[in-house]
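[1] I would like the atomic coordinates for the input below:
(2 chains)
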Amino acid sequence: MPQQLRVVGQHVGKEAPLALTNKPYVKLEQITKSYGAHTVLRDVNLSVHSGGVLAIIGPSGSGKSTLLRCINYIEPPNKGIVTVGDVTIEGETPVSRRDLRALRSKLGMVFQSFNLFPHLTVLRNITLAQERVLGRTSAEAELIAMQLLTRVGLADKAAQYPSRCSGGQQQRIAIARALALDPKVMLFDEPTSALDPELGLEVLSVMRELATSGMTMIVVTHEMSFAENVSDHVAIMADGCILEYGPSREVIRNPQSARARQFLRAVNER
Amino acid sequence: MLYQLGLILRGLPWTILITAVSLLIGCILGYPIMLGRNARSLPVRLVSIAFISLIRAVPPLVWLFIIFFGVGTGAFSMSPLTAALIGLGLIAATNMAEIYRGGLISIHHGQWEAAQALNLGGAHTFRDVIAPQMFRVALPSSATYAIGLMKDTAIASTIGVPELAYQGARLTQETFQGLKVFGMVGLIYILLSLPIAWLSRRADLYLRAKVAR
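    Just a heads-up that it's a prediction; the model follows:
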């Protein structure tokens, strides 16, 4: 078996030196994003260490998703510096296609609306980018896809089309699709918000397993139990700013600002 | 009456030929025109929009006259069939370009974002992710357009292509039985449109069952 096939899902250790040097793997500095006169993000700073799991919570419209989408430049920030591993991109300067590819090659993304390719089978959804982007042969790509489908518990769906799968299954396939490109960091944009609680649970359990395996994760979510129990750090956002940031339990159980307390109270009362 | 029907049916191959070839030209040329219409470069976009508007603003009949009696009598002469194929082919191309564009617009932006996040790059994104979905969405409108185009081929009779309407007109001049003759002609057009509609419905149902969202 070729060497690269063995490392599927084994994200621990690859970036270990970085973790040891205590340098964050993902670093956002003074990220600012506005649409016309409407400012969505103001000077946001945030960092995540290799192997860390950060949950970003906060009310709707607080800029959580926009911040996440600024990390892989699906939404280019107007100002600020994004650093992921050895790639640094500054918001003011024109971004080269090479830098963008380098940045995105380290980041996998999972969307609220899954965004699977409806005209391709589940297997093809996962092999397409492996072949086109990483240049893997279709045999290699299929082997990896089947390993990942097994990992998310959906090996039997390989030949189906996404429309034949439930929302929870589609989201797990989307996770497998992102993992197939060996990302260093996984970005989750409200991965369970479009799912009923039961289907959300199967997605959360896959994410929990992923976190346990040492994957670096940034998760925008409304799932408080995930934020409290799975992530090691939590950031609370409101009005384009980070109100609170710190170890999960500390932030959730003992928020400092009035706005954060108000938000958490509303969450707990539901 | 069977004898008359036989005379009319001599136009059938011509009608089918013009429909098939100009539709083929339209389906193929429509694609680059649609790409130009959506190009990032403003000049390319403007030229494409101007081209589409120009072709579509002039009636098909007038285009055939311009091509056959205008261009065709000048430096290079052409047969009525060639003129009809060029005229109807260009008209079909601009219409197909707009049908493709409608399909393109209907694709959820999440598909582009997913492709971006996967680092697929512009060409692969379009070829592997967007275009297949675009063609699928465009299929029913394309079939409707194909039927319309088939009926429009009747105008080729005005420049002397011996297709169905041409045969009908000639026969009417000989027999003075206009209602009967053109009734048969009309019936043949109806019979021609049925398989197109049937095929497109079958294809649509098949794709819908496979890819339903």
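[2] The residue lying farthest from the centre of chain B and chain A, how far apart?
    Distance from the C-alpha centroid of chain B, by Cα atoms, centre = their mean, peaks at B:Ala117 (36.8 Å). As judged by Cβ to the nearest Cβ, to the nearest Å, B:Ala117 and chain A stand 4 Å apart. C-betas here are computed from N, CA, C, even on glycine.
[3] Phi and psi next, for the residue lying closest to that residue once chain neighbours are set aside.
    By the measure of Cβ to Cβ, 6 or more residues apart in numbering or on different chains, the closest residue to B:Ala117 outside its immediate chain neighbours is A:Met109, 3.9 Å from it. Main-chain torsions, A:Met109, degrees, to the nearest 10: phi -130, psi 140.
[4] so what's A:Met109 scoring on pLDDT?
    Among the per-residue scores, A:Met109 shows a pLDDT of 97.
[5] wait, isn't it in contact with A:Asn72?
    Yes: with contact defined as Cβ atoms under 8 Å, A:Met109 counts as touching A:Asn72 (5.9 Å).
[6] Give me the residues contacting stretch A:73-81.
    For stretch A:73-81, the external contacting residues (Cβ atoms under 8 Å, 6 or more residues apart in numbering or on different chains) are A:27-34, A:41, A:43-44, A:66, A:69-70, A:82, A:88-92, A:95, A:100, A:103-104, A:109, B:113, B:116-117.
[7] Restricting to C-alpha, output that stretch in CSV.
    These are the backbone C-alpha positions of stretch A:73-81, laid out as CSV (Å, rounded to 0.1, in the frame of the first residue of the first chain):
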residue,chain,number,x,y,z
TYR,A,73,-11.0,33.2,1.6
ILE,A,74,-14.3,32.1,0.3
GLU,A,75,-15.2,35.5,1.7
PRO,A,76,-12.0,37.6,1.4
PRO,A,77,-11.6,40.0,4.3
ASN,A,78,-11.1,43.7,3.6
LYS,A,79,-8.2,44.0,6.0
GLY,A,80,-6.2,41.7,8.3
ILE,A,81,-3.8,38.8,8.2
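[8] now the most centrally placed residue in chain A: how far from chain B?
    The centroid of chain A falls nearest to A:Leu187 when counting by Cα atoms, centre = their mean (1.1 Å). Noted for A:Leu187: a distance of 8 Å to chain B, by Cβ to the nearest Cβ.
[9] what do you get for A:Ile71?
    11 Å.
[10] Tally up the residues packed near A:Thr137, please.
    Neighbourhood size, A:Thr137 [other Cβ atoms under 10 Å in any protein chain shown]: 12.
[11] how about the helices in chain A?
    A:3-6, A:16-20, A:64-71, A:97-105, A:122-134, A:138-151, A:167-179, A:197-212, A:224-229, A:248-253, A:258-269 (DSSP state H).
[12] Adding mean neighbour count and distance to A:Ile57 as columns, could you present those in JSON lines?
    Below are the helices of chain A laid out as JSON lines (neighbours: other Cβ atoms under 10 Å in any protein chain shown; distance: least, Cβ to Cβ, whole Å):
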{"stretch": "helix A:3-6", "mean neighbour count": "10", "distance to A:Ile57": "36"}
{"stretch": "helix A:16-20", "mean neighbour count": "13", "distance to A:Ile57": "24"}
{"stretch": "helix A:64-71", "mean neighbour count": "23", "distance to A:Ile57": "7"}
{"stretch": "helix A:97-105", "mean neighbour count": "16", "distance to A:Ile57": "25"}
{"stretch": "helix A:122-134", "mean neighbour count": "22", "distance to A:Ile57": "29"}
{"stretch": "helix A:138-151", "mean neighbour count": "18", "distance to A:Ile57": "27"}
{"stretch": "helix A:167-179", "mean neighbour count": "25", "distance to A:Ile57": "19"}
{"stretch": "helix A:197-212", "mean neighbour count": "18", "distance to A:Ile57": "15"}
{"stretch": "helix A:224-229", "mean neighbour count": "17", "distance to A:Ile57": "6"}
{"stretch": "helix A:248-253", "mean neighbour count": "17", "distance to A:Ile57": "8"}
{"stretch": "helix A:258-269", "mean neighbour count": "14", "distance to A:Ile57": "8"}
